[in-house]
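# from the sequence below, what's the structure:
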Amino acid sequence: MYGFVFHLRIVFLFILLSVALPNLTFGQVESRNGWVLPTEGTVRILMVFVEIDHDVDPSVDAFPKGSAAWKVNRLPEYKDDIVNVYEGEDSLMLLTQYYDETSFGELTILGDYFPEIITLKQSEIGRNKTKILRSVVDRINSANRISSQNLSLEDFDFWENESKKGSPKSPSDSFSGVDHLMIFLRNFNLIRKANGQASAAMAGKIGGYGTDSYSVFGAGDGIPFKILKHEFNHLLIGGNNFHSGGGNSAGFRSYTVALQGGWSMMGAANSALLSVSSWDRYWLGWSPKENQFEISARDRNDREVNGDLNPSDGGKRYVLRDFVTTGDALRIKLPFVPEDEFPQWIWLENHTTYKNNGSPTDVFNYEHYECIEPAVPSVFVVRQIDANETSGKALYRSVYADYLKPIPATGAYDYVWDKEKLDLGPCVDNRPHFVYTLKDEFENPLTGHHELEEPFYFTDSTSSITADNMRRLSIRRNRNGSYKRHPHLGDPKYGMREDGVNKIGLGTNPSTASTITHVNNRRGKSTNRRNSDSVYLNGICIEIIQTRDDLSVEVEVSFNDTLMEESRRWAGSEIVLSNHNSMGSDLYVNSTLTLDRGKTITRFVEPDTVMGEIYFSSPTVLRITSGAKMTVEAEVRLLKDSKIIVEPGGELELLRGSKIFLEDSAEIVFESGSSFSGRGKIKFNDSSNGIVGELSTLKLVKRRTCRKKRFELKP
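Below you'll find the model as predicted:
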């Protein structure tokens with residue numbers, strides 16, 4: 001929840017008015033300024049520890065006997081472990097270290113705590129959070145000391161309270177309000193463990209001035225680090241529409257159909273890695289001071305190069321050092337996505353993990369549990385959707401949640417679910433969960449679920465899909481019959497490595513193609529004009545060449561990948577092949593390509609029933625656009641109303657011995673001006689519709705075999 005205070009600032013130039021107007025100024029709105037709090041300099045937070053005396057209903061007390069971390073009627077044991085009080089201290093506390101590392105020293109977070117436990121009676125505050133804020137502020141104002149280290153109110157005020165989000169932050173000349181008040185609750189039943197909130201509004205007046213911002217957390221059994229950083233990061237990055245990286249929930253509108261996990265400053269309980277993401281640093285303008293480029297990598301001779309790539313750069317090799325400590329990253333712009341749709345990029349980050357870089361956040365979220373395998377050094381890949389402009393009046397209103405969609409190396413599938421939940425005993429939680437299996441015949445690299453998102457599970461929906469159909473924390477059945485619990489919380493196989501999945505491209509699973517977008521809050525239709533049901537293929541290929549002794553990784557990025565060497569199943573309402581290879585074919589099928597209807601949902605309403613199965617997706621269409629060429633050396637199978645459409649200027653080539661099988665009402669459509677070549681065969685079954693085009697020219701009918709050497713459709 002967020003409270004907002006808006007101040008209208010108006011400037012009239014060259015006009016004198018008889019009324020008094022506020023002292024108003026305009027500044028450029030930029031994400032690098034920070035939403036509410038600054039992204040550089042020092043912020044010192046005032047922490048307060050509060051417990052509730054449940055004198056009305058003791059049954060709702062979350063920690064009636066306290067915990068080892070926070071005993072009843074006492075300050076918590078961890079009170080001195082959260083932040084440093086002063087700059088330059090020998091060791092960095094948890095939150096101070098996190099922001100020092102994440103920002104490359106540009107943002108320093110300090111703090112101190114109110115030196116008394118504040119006990120509030122349930123009979124006085126009831127269920128009202130506002131009464132807690134009021135009581136806390138009153139206690140601070142009446143106290144002789146506000147800080148365990150005897151700091152003054154001025155020591156907690158480095159910045160003016162800027163009413164315009166994203167405006168440049170002005171240092172405070174004299175006390176004008178505490179910059180941030182942070183309240184830790186031991187046992188308030190309405191803000192429990194792993195829950196919290198932050199606000200850009202004031203919590204109340206301390207020392208006669210309203211606080212610039214505040215946050216509140218359930219913290220009865222230890223430092224609530226994950227939710228604490230998530231909520232505090234809102235004040236740097238943006239409001240609820242910036243949930244991402246495992247910190248989103250179903251009620252917020254986002255770019256993707258399913259909730260995304262992964263990693264980000266905005267991540268929380270459902271993150272895999274706990275670290276910062278490259279997008280976070282891009283958005284906030286954090287990079288090493290010595291870097292020349294905003295997005296930076298190295299060449300093979302350790303010279304800095306621009307890491308922001310597009311197809312015009314051509315294929316090159318790059319070196320990525322440890323991402324967390326050096327900031328090295330690559331970002332690749334996806335071509336062929338139309339200008340009126342959401343743009344997309346692919347980011348590469350080399351995470352060498354805690355054992356090698358010493359970062360306490362470069363770990364999987366719950367790898368301290370025996371059931372979660374720890375992260376290993378890998379190149380982690382994530383797709384950015386939109387959320388790219390870092391300045392402008394509508395900056396903070398034009399972004400939707402889940403702008404980061406991970407690309408785990410294990411690929412994407414239509415999940416095959418068990419009908420019953422399975423209880424494997426405690427692991428992160430104590431609940432039984434549904435089990436799914438990833439089967440080769442149901443791989444779906446273009447529109448399927450990946451394991452760093454929250455999948456949908458439904459068996460009998462007949463009208464619409466809702467958030468209730470989602471099942472978080474599922475269990476995967478492995479090929480050997482064993483189980484992987486909570487895979488969305490991290491698996492060592494998710495990163496690219498020299499000795500693992502070392503290449504992704506056009507014909508792999510995962511794919512470097514674009515993803516569909518569906519701005520939604522998981523109900524009803526989406527009418528956003530920039531949504532896309534199309535998947536745009538491209539020639540981007542990412543390959544791990546070698547891992548050096550210092551765990552730096554040499555990566556080759558190229559833009560003319562055409563080969564499908566392994567059998568693949570593609571599904572999507574429209575898969576678009578464009579001309580990305582000037583030297584020949586843009587898609588060369590040297591295996592079996594199956595076009596099928598995906599079982600993963602791509603819409604929330606209007607299901608179809610096909611062969612007794614319910615689909616919240618459309619039949620698959622592979623569209624060969626003008627200038628593009630698809631060559632088949634092996635075979636292609638079209639199932640469940642799938643189509644290949646060859647547009648004017650597009651070409652389909654069937655080499656000798658190759659076959660295209662049309663089944664289940666499938667079609668190949670040759671539009672006027674398209675062309676066909678080769679001596680392969682096109683075969684039909686009784687239910688397929690065959691070829692659509694100038695039949696007098698094609699002379700092809702149902703269940704016949706195409707042996708023409710070449711023909712061209714003309715208007």
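# contacts and neighbour counts: CA atoms only from here.
Fine.
# quick check: closest non-adjacent residue to the residue nearest in space to the middle of the chain.
Geometric centre of the chain, nearest residue: Leu404, 2.7 Å, by Cα atoms, centre = their mean. Ranked by Cα to Cα, 6 or more residues apart in numbering and with sequence neighbours excluded, the top spatial neighbour of Leu404 is Gln384, at 4.8 Å.
# could you pull up the contacting residues of the one you found?
Contact analysis of Gln384 by Cα atoms under 8 Å, 6 or more residues apart in numbering lists Trp279, Gln344, Trp345, Ile346, Trp347, Tyr403, Leu404, Lys405.
# which of those tops the neighbour count?
Highest neighbour count within the contacts of Gln384, by other Cα atoms under 10 Å: Leu404, with 29 neighbours.
# check that residue and give its pLDDT.
Model confidence at Leu404, given as pLDDT, is 98.
# surely it is in contact with Gly247?
No. Contact between Leu404 and Gly247 fails when scored by Cα atoms under 8 Å: they sit 11.1 Å apart.
# next, the residue lying closest to Ser511 once chain neighbours are set aside: phi, psi?
Leaving aside its sequence neighbours, Ser511 sits nearest to Gly505 (Cα to Cα, 6+ apart; 5.4 Å). For Gly505, the backbone dihedrals (degrees, to the nearest 10) come out as phi -170, psi -150.
# which secondary structure state is assigned to Met202?
coil (DSSP: H, G, I helix; E, B strand; the rest coil).
# contact partners for it?
With Cα under 8 Å, 6+ apart, Met202 has these contacts: Gly210, Thr211, Asp212, Ser213, Tyr214.
# quick one: His433 from Ala258, how far?
Distance, His433 to Ala258, by Cα to Cα, to the nearest Å: 18 Å.
# the more surrounded of the two?
Shown here are His433 and Ala258; by other Cα under 10 Å, Ala258 has more neighbours (25 against 19).
# pLDDT wise, what is the more buried one at?
For Ala258, the predicted pLDDT is 94.
# before we move on, what about Gly584?
pLDDT for Gly584: 93.
# for Asn469, same thing?
On the pLDDT scale, Asn469 is placed at 78.
# let me see the contact set for it.
By Cα under 8 Å, 6+ apart, Asn469 lies in contact with Phe456, Tyr457, Phe458.
# need the phi and psi values for it.
Dihedral angles (degrees, to the nearest 10) for Asn469: phi -80, psi -10.
# Ser677 versus that one, what's the distance?
Distance from Asn469 to Ser677, by Cα to Cα: 47 Å.
# which SS class is Asp100?
Per three-state DSSP, Asp100 ends up helix.
# so what's the residue count around it?
There are 15 residues near Asp100, going by other Cα under 10 Å.
# just confirm Lys131 is within a helix.
Yes. Residue state for Lys131 (three-state DSSP) corresponds to a helix.
# what's near enough to touch it?
Contacts of Lys131 by Cα under 8 Å, 6+ apart are Ile125.
# try Pro619
With contacts defined as Cα under 8 Å, 6+ apart, Pro619 is in contact with Ala571, Gly572, Ser573, Asp596, Arg597, Gly598, Lys640, Asp641, Ser642.
# kindly report the same for Gly505.
Here Gly505 is in contact with Ser511, Thr512, Ala513, Gly539, Ile540, Cys541, Ile542, Asp561 (criterion: Cα under 8 Å, 6+ apart).
# now with 7 Å?
The contact partners of Gly505, by Cα atoms under 7 Å, 6 or more residues apart in numbering, come to Ser511, Thr512, Ile540, Cys541, Ile542, Asp561.
# among those residues, which lie within strands?
Cys541, Ile542 (DSSP state E).
# now the contacts of Gly505: which count as buried?
Among the contacts of Gly505, the ones that count as buried by 16 or more other Cα atoms under 10 Å are Ser511, Thr512, Ile540, Cys541, Ile542, Asp561.
# list just the nearest of those to His450.
Nearest to His450 among the buried ones among the contacts of Gly505, counting by Cα to Cα, is Ser511 at 11.4 Å.
# I figured the closest one was touching Pro445, is that so?
Yes. Using Cα atoms under 7 Å, Ser511 is in contact with Pro445, at 5.9 Å.
# circling back to that earlier point, need the contacts of Met202 in CSV with pLDDT, can you?
Putting the contacts of Met202 into CSV (pLDDT from 0 to 100) gives the following:
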residue, pLDDT
Gly210, 96
Thr211, 97
Asp212, 96
Ser213, 97
Tyr214, 97
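# CA atoms of stretch 625-645 as PDB?
Below are the C-alpha coordinates for stretch 625-645, written out as PDB (Å, rounded to 0.1, in the frame of the first residue of the first chain):
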ATOM      1  CA  THR A 625       7.400 -12.600 -44.700                       C
ATOM      2  CA  SER A 626       8.700 -10.800 -47.700                       C
ATOM      3  CA  GLY A 627      12.400 -11.400 -48.300                       C
ATOM      4  CA  ALA A 628      12.500 -14.300 -45.800                       C
ATOM      5  CA  LYS A 629      13.200 -17.900 -46.800                       C
ATOM      6  CA  MET A 630      12.500 -21.100 -45.000                       C
ATOM      7  CA  THR A 631      14.400 -24.300 -46.100                       C
ATOM      8  CA  VAL A 632      13.400 -27.800 -45.100                       C
ATOM      9  CA  GLU A 633      16.000 -30.500 -45.300                       C
ATOM     10  CA  ALA A 634      14.200 -32.900 -42.900                       C
ATOM     11  CA  GLU A 635      10.500 -32.600 -42.100                       C
ATOM     12  CA  VAL A 636       7.800 -30.300 -40.800                       C
ATOM     13  CA  ARG A 637       4.500 -31.400 -39.200                       C
ATOM     14  CA  LEU A 638       1.500 -29.200 -38.900                       C
ATOM     15  CA  LEU A 639      -1.100 -30.200 -36.200                       C
ATOM     16  CA  LYS A 640      -4.400 -28.800 -34.800                       C
ATOM     17  CA  ASP A 641      -5.300 -26.200 -37.500                       C
ATOM     18  CA  SER A 642      -1.700 -24.900 -37.800                       C
ATOM     19  CA  LYS A 643      -0.700 -23.000 -40.900                       C
ATOM     20  CA  ILE A 644       2.300 -21.900 -42.800                       C
ATOM     21  CA  ILE A 645       1.600 -18.700 -44.700                       C
END
